[in-house]
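# here's my sequence, what's the structure:
(chains A and B)
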Amino acid sequence: MDFNRQISRRLHEEHVATLELWSRVEQTIGTRDAALEALLGRCTAALADEVARHFEFEESELFPRLADAGEGDIAELLAEEHQVIRGVAAQFDESCRALRTGGLDAQGWQRLRVTALELAERLVSHVQKEEMSLLPALDDLLDEATDAELALAYAG
Amino acid sequence: MIPAAGAFTAGARSRLLPASVPMRYFGAAIVFHALAWAMLLASPGALARLAAFGGLGPALAALHLVTLGVLAMTAVGATLQLFPIATRQAVRSVVAAKLVWWLLVPGVAMFAAGAAAYRPQLLGAGAATVALALAVYAWLLYQNLRRARGMRAVVAHGWGALGSLVLLAATGLALVAHYEHGLALDRGAFAAAHLVLAAYGFMGLLALGLSQFLLPMFALSPAPSPRGALAALSAAAGAILLALGALTVGSRALLATAAVLGFAAAAAHIAAMQGALRKRLRPQLGPAFVLVRVAWACLLASLALASLIALHWVPPRAAALFGVLLVPGWLLTFVLAVLQRIVPFLATVHAGGQGRGAPLVSSFTPVRPLAVHRILHLGALALLLVAAATGADWLVRAGAAAGLAGALAYGAFFTRVLARLKE
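Predicted structure coming up:
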């Protein structure tokens, strides 16, 4: 999809990166090996850094603008999904920490797999909704100056 | 600030309709789907008669249970919800969106009953009610398209579908007037024009247009290039206009040319979609895409066969084969493939209010009934294709039985999603 605003394009790039990462998790989660453990490590880092920053920025800067423009229902749905994803991400992070310290038994591993798959599905579904609703709406809502300001704020 | 929970379904400017609006269309489509197969099962010989001679009867009823009851019903329900999202427009009137359903459902039932029972007056009343429903829908679609922003290719396909809808309603009403009041017209040419406008025009262009954003969304792939999509649309629109011109002047060569042009447009669309899907971020496309690919193959086969039929290079029986490829093969298979992805997705969006967050789409997708449906639907299609090619009524009956069982499995899928939504 082509977006006209810098901030939409930036968020879109992050969506693509998220989809690539979690699609790999979905494909490889069946076999426990060093490569998978490294991949899960990348996922926890991404959740703590890029995804957290992405969510916070949307909630503080973008959802209020969406609500002001009469799209409050979509903003609310996306914000609710952020909360649910944060909850599942916390469980995932806890399991990954146990994995790193060697304290994950077979039951814990199974729980980690289920949580990872749930997180992957939730992230993918969330990205689909943002690509369909949030990013096109931003193209309409933002003027060039506001877009530049937001892009700068997000980069900083 | 983020508005309080509960505002989710309320906003007058919302682009999301209440769940009950699209779901009532999908529910009605699922009921008419089962009725269509049941009608064919009860009168297997009617299929060959309709293809050879046209006219009223159970096969015409079954055909319109599919085209109006399933395809148009789903198209109206889906576009009322999806076009506002694609075009960034608020839904114009929820009351009008509901009114279309209240007119379309009894209209389709009366039309089918009138056709099956050879009662032109009932058929006429049904047709008038359906025309009124489609007129309200056309107004809603027009209001949406004229203010549309973004997704140029989807909007352009929407305009093509709207134009076809107006003309298909006009030709359909003329045909009904022929049966009911003896209006003098070339029934064969009008029926052929009606078929082209309905199957390749209204439904076909909507399917091609919505594919531009729905299939990439399902597959998590980039959308095909808008330029390529508009080129394919131009070829498709040219093919439809050429076919209408050919039917007006009675030229077989022109009709065959139109079919070839239509084939080129369909091939370009499919190649563009395949190109986009190859760039998808998730390797698994999901089983619905098996149906999508079968539907694409049937679309191409229908157009190839249409060119041969226009030139009289195939036996007359090929008309039945063409009908099976076009209606259950291309349109019904495609619509059922897309619907099985839209219904759980929409249900999870609506289940997510009151601060609970949207549930997982997988938890709203009962896999087993869909797998059963897929096998039975493809089996029914294969049996009908062989039946149409050989003229064996027992194969039509077997295909209709498989189709009916598949429709019931699809109904079980839909019922389970609704039950989950109400939890």
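
# buried stuff in the lowest-mean-pLDDT helix or strand in chain B?
Least confident helix or strand, chain B: helix B:46-53 with a mean of 79, by mean pLDDT, DSSP states H and E. For helix B:46-53, the neighbour count (16 or more other C-beta atoms under 10 Å in any protein chain shown) marks B:A46, B:L47, B:A48, B:R49, B:L50, B:A51 as buried. Quick note: C-beta positions are derived from backbone N, CA and C, even for glycine.

# ok, stretch B:362-375 next?
B:F364, B:T365, B:P366, B:P369, B:L370, B:V372, B:H373, B:R374.

# quick one: average pLDDT of it?
What stretch B:362-375 shows for mean pLDDT is 95.

# please apply the same query to stretch B:283-295.
Mean per-residue pLDDT for stretch B:283-295: 93.

# so what's the spatially most central residue of chain A up against?
Centroid-nearest residue in chain A, with C-alpha atoms, centre = their mean: A:V51, separated by 4.5 Å. With contacts defined as C-beta atoms under 8 Å, 6 or more residues apart in numbering or on different chains, A:V51 is in contact with A:T18, A:I85, A:A89, A:L123.

# for chain B, give me its nearest residue in chain A.
A:V84 (3.3 Å; C-beta to the nearest C-beta).

# does that residue touch A:E121 like I think?
No. A:V84 is beyond contact range of A:E121, at 11.4 Å (criterion: C-beta atoms under 8 Å).

# how much space between the residue positioned nearest the centre of chain B and chain A?
Among the residues of chain B, the one closest to the centroid is B:L71, at 3.2 Å (C-alpha atoms, centre = their mean). In this view, B:L71 and chain A are 24 Å apart by C-beta to the nearest C-beta, to the nearest Å.

# so who does that residue touch?
By C-beta under 8 Å, 6+ apart, the neighbours of B:L71 are B:A29, B:M203, B:L331, B:L332, B:V335.

# I'd like to know which of the residues you listed are part of helices.
Those of the contacts of B:L71 mapping onto helices are B:A29, B:V335, per DSSP state H.

# what's the closest of the contacts of B:L71 to chain A?
B:V335 (20.4 Å).

# what's the burial count for that closest one?
26 (other C-beta atoms under 10 Å in any protein chain shown).

# doesn't B:L215 make contact with B:M273?
Yes. Assessed by C-beta under 8 Å, B:M273 is found in contact with B:L215 at 6.0 Å.

# low-confidence stretches in chain A?
In the predicted model, chain A carries pLDDT under 70 at residues A:1-2.

# show me what from it comes close to chain B.
By C-beta under 8 Å from any C-beta of the partner chain, the residues of chain A that approach chain B are A:1, A:16, A:19-20, A:23, A:26-27, A:59, A:63-64, A:67, A:70-77, A:79-81, A:83-84, A:118, A:121-122, A:124-125, A:127-129, A:131-133, A:136-137, A:139-140.

# count the neighbours of the closest residue to A:K129 other than its chain neighbours for me.
Once flanking residues are discounted, A:K129 sits nearest to A:L78: 6.5 Å by C-beta to C-beta, 6 or more residues apart in numbering or on different chains. When neighbours are counted by other C-beta under 10 Å, A:L78 registers 25.

# what does the one 10 residues further on give?
Counted with other C-beta under 10 Å, the neighbours of A:V88 add up to 19.

# ok, it touching A:R122?
Yes. In terms of C-beta under 8 Å, A:V88 counts as a neighbour of A:R122; the distance is 6.2 Å.

# and the helix or strand hosting B:A276, average pLDDT?
Using DSSP states H and E, B:A276 falls within helix B:252-278. Mean per-residue pLDDT for helix B:252-278: 96.

# how far away from the center of its chain is it?
For helix B:252-278, the separation from the chain centroid amounts to 18 Å (computed by C-alpha atoms, centre = their mean, to the nearest Å).

# ok, stretch B:65-76 next?
Distance, centroid of stretch B:65-76 to centroid of chain: 6 Å (C-alpha atoms, centre = their mean).

# and what of stretch B:326-336?
Using C-alpha atoms, centre = their mean, the offset of stretch B:326-336 from its chain centre is 7 Å.

# how about residues contacting that stretch?
Under C-beta under 8 Å, 6+ apart, the answer for stretch B:326-336 is B:29, B:33, B:63, B:66-67, B:70-71, B:74-75, B:195, B:199, B:203-204, B:207, B:291-292, B:294-296, B:298-299, B:301-302, B:373, B:377, B:380-381, B:384-385, B:403, B:410.

# could the contacts of B:L71 be laid out in CSV, adding pLDDT?
Formatted as CSV, the contacts of B:L71 follow (pLDDT from 0 to 100):
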residue, pLDDT
B:A29, 98
B:M203, 97
B:L331, 98
B:L332, 98
B:V335, 98
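
# now which of the contacts of B:L71 would you call buried?
Among those, those scoring as buried are B:A29, B:M203, B:L331, B:L332, B:V335 (criterion: 16+ other C-beta under 10 Å).

# out of these, which is nearest to B:L285?
B:V335 (17.6 Å; C-beta to C-beta).

# buried ones in the top helix by length along chain A?
Ranked by residue count, the top helix of chain A under DSSP H comes out as helix A:72-100. Across helix A:72-100, burial judged by 16+ other C-beta under 10 Å covers A:72-82, A:84-85, A:88-89, A:91-92, A:95-96, A:98-99.

# what is that helix packed up against?
helix A:34-46, helix A:52-57, helix A:63-68, helix A:106-129 (3 or more C-beta pairs under 8 Å, 6 or more residues apart in numbering or on different chains; DSSP states H and E).

# for B:V100, see how far away the nearest residue to B:A148 once chain neighbours are set aside is.
In space, and not counting its chain neighbours, B:A148 is closest to B:T87: 3.6 Å by C-beta to C-beta, 6+ apart. Separation of B:T87 from B:V100 (C-beta to C-beta, to the nearest Å): 18 Å.

# when those two are compared, which one has more neighbours?
Legend: neighbour count by other C-beta under 10 Å for B:T87 and B:V100, higher for B:V100 (24 against 20).

# ok, that one - contacts?
B:V76, B:L80, B:A133, B:L134, B:V136, B:Y137, B:L140.

# same check, this time on B:L68
B:F32, B:L104, B:G107, B:V108, B:F111, B:V130.

# how near is the second one to B:A310?
In this structure, B:L104 and B:A310 are separated by 32 Å, where distance is defined by C-beta to C-beta.

# of the two, which one has the most company?
The residue with more neighbours, out of B:L104 and B:A310 and counting by other C-beta under 10 Å, is B:L104; that gives 25 against 22.

# surely the more buried one touches B:A135?
No. The pair B:L104 / B:A135 is not scored as a contact, 11.0 Å apart, by C-beta under 8 Å.

# and the contacts of stretch B:136-152?
Taking C-beta under 8 Å, 6+ apart as the rule, stretch B:136-152 contacts A:136, A:139-140, B:76, B:79-80, B:83-84, B:86-89, B:92-93, B:96-97, B:99-100, B:103-104, B:155, B:158-159, B:161-162, B:165-166, B:212-213, B:226, B:230.
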